[in-house]
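**Q** Give me a model of this one.
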Amino acid sequence: MGIKIVTDTSCDLPARLERELNDLGVYFVPFLFHFGLDALKDKSISMRDFISRADKLWPTTAVPSIETLVQAFRERVEAGHQVLCITVTGKHSGMFSAASKASEQFSPDEVHVMDSKSTSLGQGLQVLKAARAAQAGESIERIKESVADLRERLHLFITLDTVKYLVRGGRASRLAGGLAEILRIRPILTMQDGELMVLDKSRGRKAAKRRLLELARTYLPAEILGVAHIIAEDEAHELAEDISREIGVPEDSILMAETGMVLATHGGPGTLAIVVAST
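**A** As a prediction, this is how the structure comes out:
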C-alpha cells in the first residue's frame with residue numbers, strides 16, 4: 001500500500017516541478033470559475049485570457065463539490081492507497097472544509113487532510129515535499145510531520161500593482177481602494193497562520209519591490225527561495241536577479257512560477273511575491 005497526494009489548483013510550482021508532481025501521481029482537484037452562466041475549471045485557459053474576461057465580467061468562484069472530492073479519494077483508497085490531501089489555506093477558501101467533510105466517508109487511516117495555511121508557491125512547496133516523501137516510502141505520519149515543519153518555516157510576501165482586484169473581490173473597501181490608487185500606495189501582504197494580512201505599505205512600485213527584498217532578507221539563511229507573479233514575468237526575473245545579487249545565491253536556484261487563477265482573482269496583473277523557506 002502506498003500513499004497518494006491530492007491537492008487543489010491553488011498549488012503553483014515552476015513547470016518542471018509541476019511535471020514532477022504529475023510523474024509522482026499527484027492529483028489536482030480544480031477550482032471552478034463562473035462568468036455569468038459560463039463555467040470553467042481553474043488553469044483551463046491562459047492567465048491573460050482569464051484576466052481579460054475578468055475585466056469585462058467579474059467571476060464568482062466555487063470549490064469542488066464534496067462528491068468530487070469523495071470520488072478522488074475513493075479511487076485511490078480502492079486502489080489500495082492511503083491519501084494525504086493538502087489544501088489552500090482554509091482562512092480564504094472552503095476547500096479545507098470541503099475536503100475534511102469528504103474525508104469523513106473514509107476511515108481516519110485512509111484519508112488525511114492538511115491545511116497548507118498558504119497558497120500558490122507556498123502551497124506547492126508543501127505538496128512537493130509530501131510527494132517526494134511518499135515516493136521515498138515514508139509513513140503517512142512522518143510525511144505530515146515533514147510538511148508541518150516546512151509550513152512553519154515558509155514566509156510569503158506579496159505586493160500588488162493595483163488594489164482594484166482586491167476591491168472587486170471584496171477584500172478591500174472601495175473607499176480604501178480608491179485612496180490607495182490615488183496615492184499610488186502598494187500594499188505589502190503576508191500570510192499569518194493562513195490569513196492574508198497587510199504588513200506594510202510602499203509608495204510606488206520600485207519601493208514595494210525593495211521592501212519585498214528587505215523582508216525576505218530577515219529570514220535568511222534560506223533552504224528555498226522563490227518568486228511568483230501574475231502576468232509579470234519580466235519583473236519577476238528582475239526580482240530574482242536582485243535576490244541573487246543582494247542575497248548571494250545563484251539565480252538558477254530561485255524558483256519561478258506564475259500563479260493560478262485563484263490568487264489572480266484577488267491580486268490581478270503585476271502581482272509579485274517572494275517565498276522564503278528558512279532553515
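**Q** okay, CA-based contacts and neighbour counts for the rest of this
**A** Will do.
**Q** got any ranges where the chain has weak pLDDT?
**A** 164-184 (pLDDT under 70).
**Q** could you measure the residue nearest the centre of the chain against residue 273, distance?
**A** Central residue of the chain (Cα atoms, centre = their mean): residue 120, 1.5 Å from the mean position. As judged by Cα to Cα, to the nearest Å, residue 120 and residue 273 stand 10 Å apart.
**Q** Determine the set of other helices and strands touching the helix ranked longest in the chain.
**A** In the chain, ranked by residue count with DSSP state H as the criterion, the top helix is helix 120-135. Packing contacts for helix 120-135, counted by 3 or more Cα pairs under 8 Å, 6 or more residues apart in numbering; DSSP states H and E, involve strand 3-8, helix 15-23, strand 82-87, helix 140-153, strand 154-159, strand 222-229.
**Q** Show me what the second one is packed against.
**A** I take that to be helix 15-23. helix 120-135.
**Q** Other residues contacting the helix it packs on?
**A** Helix 120-135 is contacted by residues 2-5, 7, 10-13, 17, 21, 24, 26, 86-88, 116-117, 140, 143-144, 146-147, 150-151, 154-156, 226, 228, 257, 259-260, 263, 275 when judged by Cα atoms under 8 Å, 6 or more residues apart in numbering.
**Q** Show the buried residues in those residues.
**A** In these, burial by neighbour count holds for 2-5, 7, 10-13, 17, 21, 24, 26, 86-88, 116-117, 140, 143-144, 147, 150-151, 154-156, 226, 228, 257, 259-260, 275, counting by 16 or more other Cα atoms under 10 Å.
**Q** list the residues that contact both of residue 120 and residue 273?
**A** In terms of Cα under 8 Å, 6+ apart, residue 120 and residue 273 are both contacted by the residues residue 228.
**Q** so how far is residue 206 from residue 112?
**A** Look at residue 112 and residue 206: by Cα to Cα, they are 43 Å apart.
**Q** Neighbour count: those two, which is higher?
**A** residue 112 (23 against 10; other Cα atoms under 10 Å).
**Q** List the contacts of that one.
**A** 83-85, 103.
**Q** Buried members of those into PyMOL, please.
**A** Buried subset of those, written as a PyMOL selection, criterion 16+ other Cα under 10 Å:
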select buried, resi 83+84+85+103
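**Q** Specify which member of the contacts of residue 112 is nearest to residue 218.
**A** Residue 218 lies nearest to residue 85 out of the contacts of residue 112, by Cα to Cα, at 31.2 Å.
**Q** hang on, residue 39 in a helix?
**A** No - Residue 39: not assigned to a helix; according to DSSP: H, G, I helix; E, B strand; the rest coil it is strand.
**Q** so which helix or strand takes in the closest residue to it other than its chain neighbours?
**A** Counting by Cα to Cα, 6 or more residues apart in numbering, residue 39 lies nearest to residue 33, which is 5.6 Å off, once chain neighbours are set aside. Element membership for residue 33 (DSSP states H and E) is strand 32-35.
**Q** Tell me what angle the longest helix of the chain forms with strand 222-229.
**A** 130 degrees (axes from the mean of the first three to the mean of the last three Cα atoms, to 10 degrees).
**Q** What are the buried residues along helix 120-135?
**A** For helix 120-135, a neighbour-count test (16+ other Cα under 10 Å) marks 120-128, 130-134 as buried.
**Q** Repeat that for stretch 224-237.
**A** Across stretch 224-237, burial judged by 16+ other Cα under 10 Å covers 224-231, 233, 236-237.
**Q** Now for the residues you listed: which two are most distant?
**A** The largest separation in the buried residues of stretch 224-237, counting by Cα to Cα, is between 224 and 231 at 22.7 Å.
**Q** I figured residue 255 hits residue 229, correct?
**A** No - with contacts counted by Cα atoms under 8 Å, residue 255 stays clear of residue 229, the gap being 11.4 Å.
**Q** Can you give the distance of the longest helix of the chain from its chain's centre?
**A** Its chain's C-alpha centre and that of helix 120-135 lie 11 Å apart, by Cα atoms, centre = their mean, to the nearest Å.
**Q** how about it as PDB, C-alpha atoms only?
**A** Extracted as PDB, the C-alpha positions of helix 120-135 are listed here (Å, rounded to 0.1, in the frame of the first residue of the first chain):
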ATOM      1  CA  SER A 120       0.400  29.400  -4.700                       C
ATOM      2  CA  LEU A 121       4.100  28.600  -4.400                       C
ATOM      3  CA  GLY A 122       3.900  28.300  -0.600                       C
ATOM      4  CA  GLN A 123       1.300  25.500  -1.000                       C
ATOM      5  CA  GLY A 124       3.200  24.000  -3.900                       C
ATOM      6  CA  LEU A 125       6.400  23.500  -1.900                       C
ATOM      7  CA  GLN A 126       4.400  21.600   0.700                       C
ATOM      8  CA  VAL A 127       2.800  19.400  -1.900                       C
ATOM      9  CA  LEU A 128       6.200  18.700  -3.500                       C
ATOM     10  CA  LYS A 129       7.700  17.800  -0.100                       C
ATOM     11  CA  ALA A 130       4.800  15.400   0.600                       C
ATOM     12  CA  ALA A 131       5.000  13.800  -2.900                       C
ATOM     13  CA  ARG A 132       8.700  13.200  -2.700                       C
ATOM     14  CA  ALA A 133       8.500  11.700   0.800                       C
ATOM     15  CA  ALA A 134       5.700   9.400  -0.300                       C
ATOM     16  CA  GLN A 135       7.800   8.300  -3.300                       C
END
